[in-house]
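**Q** mind looking at a prediction? Sequence and model below.
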There are 2 protein chains.
Amino acid sequence: MGISLDELQLAARNHGMPLEALRYDVTPVGLHYLLIHFDVPEVPPDWRLRLGGHVERELELSLDDLRARPAVRRIVTMECAGNGRAQFEPHVVSQPWLAEAVGTGEWGGVELAPLLEEAGVREGAVEVLFGALDRGIDGGVEQAYERALSLGEALAGDAMLAYELNGAPLPPQHGAPLRLVVPGWYGMTSVKWLERITVLDRPFDGYQQVHAYRFRRSEDEEGEPITRIHPRALMVPPGVPDFMTRRRFVEAGPCRVEGRAWSGFAPVAAVEVSSDGGDTWSDADLEPAPDRWAWSHWTWTWQAEPGDHDLLCRARDTAGNHQPLEPEWNVGGYVNNSVQRVAVTVR
Amino acid sequence: MGISLDELQLAARNHGMPLEALRYDVTPVGLHYLLIHFDVPEVPPDWRLRLGGHVERELELSLDDLRARPAVRRIVTMECAGNGRAQFEPHVVSQPWLAEAVGTGEWGGVELAPLLEEAGVREGAVEVLFGALDRGIDGGVEQAYERALSLGEALAGDAMLAYELNGAPLPPQHGAPLRLVVPGWYGMTSVKWLERITVLDRPFDGYQQVHAYRFRRSEDEEGEPITRIHPRALMVPPGVPDFMTRRRFVEAGPCRVEGRAWSGFAPVAAVEVSSDGGDTWSDADLEPAPDRWAWSHWTWTWQAEPGDHDLLCRARDTAGNHQPLEPEWNVGGYVNNSVQRVAVTVR
């Protein structure tokens, strides 16, 4: 692997969740992963959310207007669609995540559907577009960051507009004053620094929808849109690390291994762990998730014997989705949910 | 440049401050830079701070005991001693910072000196050792993270023990429940997850003191210890970025450039800006720092003309320290305070 200056610039500003933070039910602010497409924008003092497009009546709402509505809180596990990208061979150039682009927040705000109902979605509407304050150039195109959801997902799902994270006002880097949160979907859907919601009568064809975030095996393929989070289990790397290599050192004897598992398609059905590099697997003890779209805690006791070992874990969900041992390469380096491997020396 | 897997693992867990966050007087939690040597440790429920060693009487203090003492709040700019490391040629392998390993926090807690006075420092004491909860292996040596200060610095300086950041309890990643903050010094001094303070009657010879954090021009040199923060100015990159290259795009005409400047030796005397790659320099407008060890805000109006430009900024302090155009290479890749260069295309 050789990471370029461009990728290092991205890695130094965006950050993953150090995996020992898998021990928290809800990720403390500052440890949740963060992917900022352009810059954290300046928010104008007269910020308003504008909801318009193919609707009966346009809405313009201040943060106080939103806070006056019925509030909802959801514990949601969010993951970057590019998590695992740096493990692809051939190398895919973009934000170089290993496996740590994840976090779980307790998001507070209002549900999306009642706002759309209040505006009155007109006959013929097909999608809802979410426009952000942050601007920049991506793939040669100057743009505000924008992503759309189908009208069905926007109305029927658990999508919400969040102005709080973990009981405190939304921090700037997570989209203050207001962001979309679409539980179960990869993070690119949950548009930060939201200022415009536009109901569309035809599909959105912007860069982040039709070029980025598609699963393409070659450059000339149109590809399939990236949507929901594929299942993944991650463990807290046991023992203590070497500073530079992050290799783990564990004392021989019983070693409690813990982690989290999640899927955006269905509840997690099982987590399995291997201490012999994947030859044999044992079931971990799995706890119920604290919320519909939050990760599940799991534990497993390893009888650690002296020597070098590769610890692996993998999840599957009740819809039959599971984690592959090897990733499926694609142009954008998305959806690499291949199993985590942690190199451990037992002393 | 080619960054290795080891370095990428560090870059994905530790993170810099996205430079647009230079716009905030105090860095919001989650945007402040973060360097975690080993893991964010688990804190035992019966945590106590123990102060002992070469003293008249040992102290054992709970967080409530500390909160019952006179509180102090200081706005402090903190920077990693390795900031700028990734710019060195030949390449230095460790946490690969570009220029973003900085942040300013409003730290709340108690002063260090009164605690040492209460314990009664005995005749012959020379240093004070700060021991952390986080453990791991560094340079082949298993260790808890530990660093010492001279008795003079510990008693006469502005060192404090912080249990709050920006008015809220200290977050885990910044050292909860208690950390040392040594204003004006590079961040390695401000030991996180503090559990032991030991007054020593001879100099501390642990790894982080005698091997790491020394300015050495060759491996066999003993080198000089890294101490205070050398002056630096950084600007908010103007205009909008390209996602991948982070190159900036600005409209022609007057462009307000702003940033911050700091030094751990003395107040900032001046900030200069160049828009021609360093041939000519203009004085920026410099505001007073909000606290003795906090950064100063500066602004400058650039008459941006179409074309490609390198914007540079540099600070000097009232003690005569300044920023070099080119860094001075050293084994550990420390103290690279060479001037920031921001590539801008004016349209």
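**A** That came through fine.
**Q** only C-alpha atoms from now on, for both contacts and neighbour counts.
**A** Fine.
**Q** quick check, the residue in the stretch 51-200 of chain A closest to chain B?
**A** In the stretch 51-200 of chain A, the residue that lies nearest chain B is A:Ile137 (4.4 Å; C-alpha to the nearest C-alpha).
**Q** residues from the stretch 51-200 of chain A in reach of chain B?
**A** By C-alpha under 8 Å from any C-alpha of the partner chain, the residues of the stretch 51-200 of chain A that approach chain B are A:Ser94, A:Pro96, A:Trp97, A:Leu98, A:Glu100, A:Arg135, A:Gly136, A:Ile137, A:Asp138, A:Pro171, A:Pro172, A:Gln173.
**Q** distance of the first one relative to A:Arg135?
**A** As for A:Ser94, its distance to A:Arg135 is 18 Å (criterion: C-alpha to C-alpha, to the nearest Å).
**Q** equivalent analysis for the fifth one, please.
**A** As judged by C-alpha to C-alpha, A:Glu100 and A:Arg135 stand 26 Å apart.
**Q** equivalent analysis for the third one, please.
**A** Here the distance between A:Trp97 and A:Arg135 works out to 23 Å (C-alpha to C-alpha).
**Q** pick out whichever of those two has more residues nearby.
**A** For the pair A:Trp97 and A:Arg135, the greater number of neighbours falls to A:Trp97 (27 against 21), based on other C-alpha atoms under 10 Å in any protein chain shown.
**Q** can I assume the more buried one sits in a strand?
**A** No - per DSSP: H, G, I helix; E, B strand; the rest coil, A:Trp97 lies outside any strand segment and is coil.
**Q** surely it meets A:Pro18?
**A** No - the criterion here is C-alpha atoms under 8 Å, and A:Trp97 misses it with A:Pro18 at 11.8 Å.
**Q** check the contact lists of the two and give me the overlap.
**A** B:Ala12 (C-alpha atoms under 8 Å, 6 or more residues apart in numbering or on different chains).
**Q** give me the neighbour count for whichever residue of chain A sits closest to chain B.
**A** Per C-alpha to the nearest C-alpha, A:Gly30 is where chain A lies closest to chain B, at 3.6 Å. Around A:Gly30 there are 25 other residues, counting by other C-alpha under 10 Å.
**Q** just give the nearest non-adjacent residue to it, would you?
**A** B:Gly30 (3.6 Å; C-alpha to C-alpha, 6 or more residues apart in numbering or on different chains).
**Q** and the spatially most central residue of chain A, how far is that from B:Arg69?
**A** Taking C-alpha atoms, centre = their mean as the criterion, A:Glu79 is the residue nearest the geometric centre of chain A, at 1.7 Å. Per C-alpha to C-alpha, A:Glu79 is found 42 Å from B:Arg69.
**Q** again, but for A:Pro327
**A** 55 Å.
**Q** neighbour count for these two, which is higher?
**A** Legend: neighbour count by other C-alpha under 10 Å for A:Pro327 and B:Arg69, higher for A:Pro327 (19 against 12).
**Q** which strand or helix spans that one?
**A** Under the criterion DSSP states H and E, no helix or strand holds A:Pro327.
**Q** A:Phe88 is in contact with that one, correct?
**A** Yes - judged on C-alpha under 8 Å, A:Pro327 makes contact with A:Phe88 at a distance of 7.2 Å.
**Q** so which elements touch the host helix or strand of A:Arg147?
**A** Using DSSP H and E, the element containing A:Arg147 is strand A:141-150. Where contact means 3 or more C-alpha pairs under 8 Å, 6 or more residues apart in numbering or on different chains; DSSP states H and E, strand A:141-150 is packed against strand A:127-138, helix A:207-210.
**Q** so can I have a markdown table of the ones you listed showing mean pLDDT?
**A** Output for the helices and strands packed on strand A:141-150, formatted as a markdown table (pLDDT from 0 to 100):
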| stretch | mean pLDDT |
| --- | --- |
| strand A:127-138 | 98 |
| helix A:207-210 | 96 |
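**Q** packed most tightly, which of those would that be?
**A** Of all those, strand A:127-138 carries the top mean neighbour count, a mean of 23, counting by mean count of other C-alpha atoms under 10 Å in any protein chain shown.
**Q** against B:Leu5, how distant is A:Asp245?
**A** For residue A:245 the amino acid is Thr, not Asp. Using C-alpha to C-alpha, A:Thr245 is found at 8 Å from B:Leu5.
**Q** actually A:Asp285, sorry about that
**A** Counting by C-alpha to C-alpha - A:Asp285 and B:Leu5 are separated by 32 Å.
**Q** between those two, which one's more packed in?
**A** B:Leu5 (17 against 14).
**Q** show the model's pLDDT score for the spatially closest residue to A:Ser296 that is not a sequence neighbour.
**A** Computed as C-alpha to C-alpha, 6+ apart, the closest residue to A:Ser296 that is not its neighbour in sequence is A:Ala289, at 4.3 Å. Looking at A:Ala289, its pLDDT is 97.
**Q** mind listing what the residue nearest to A:Glu328 when sequence neighbours are not counted touches?
**A** With sequence-adjacent residues excluded and distances taken as C-alpha to C-alpha, 6+ apart, A:Glu328 is closest to A:Asn336, at 7.0 Å. A:Asn336 makes contact with A:Gly82, A:Asn83, A:Gly84, A:Arg85, A:Pro327, A:Glu328, according to C-alpha under 8 Å, 6+ apart.
**Q** contact partners for the third one?
**A** Taking C-alpha under 8 Å, 6+ apart as the criterion, A:Gly84 is in contact with A:Pro96, A:Trp97, A:Leu98, A:Ala99, A:Glu100, A:Gly333, A:Tyr334, A:Val335, A:Asn336, A:Asn337.
**Q** need the residues you listed in JSON lines (columns: pLDDT).
**A** Output for those, formatted as JSON lines (pLDDT from 0 to 100):
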{"residue": "A:Pro96", "pLDDT": "96"}
{"residue": "A:Trp97", "pLDDT": "97"}
{"residue": "A:Leu98", "pLDDT": "96"}
{"residue": "A:Ala99", "pLDDT": "97"}
{"residue": "A:Glu100", "pLDDT": "97"}
{"residue": "A:Gly333", "pLDDT": "98"}
{"residue": "A:Tyr334", "pLDDT": "98"}
{"residue": "A:Val335", "pLDDT": "97"}
{"residue": "A:Asn336", "pLDDT": "98"}
{"residue": "A:Asn337", "pLDDT": "98"}
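**Q** who wins for most neighbours among those?
**A** A:Gly333 (31 neighbours).
**Q** just confirm it contacts A:Val92, I think it does.
**A** Yes - under the criterion of C-alpha under 8 Å, A:Gly333 makes contact with A:Val92 at 5.8 Å.
**Q** hey, what's in contact with both of those two?
**A** A:Arg85, A:Ala86.
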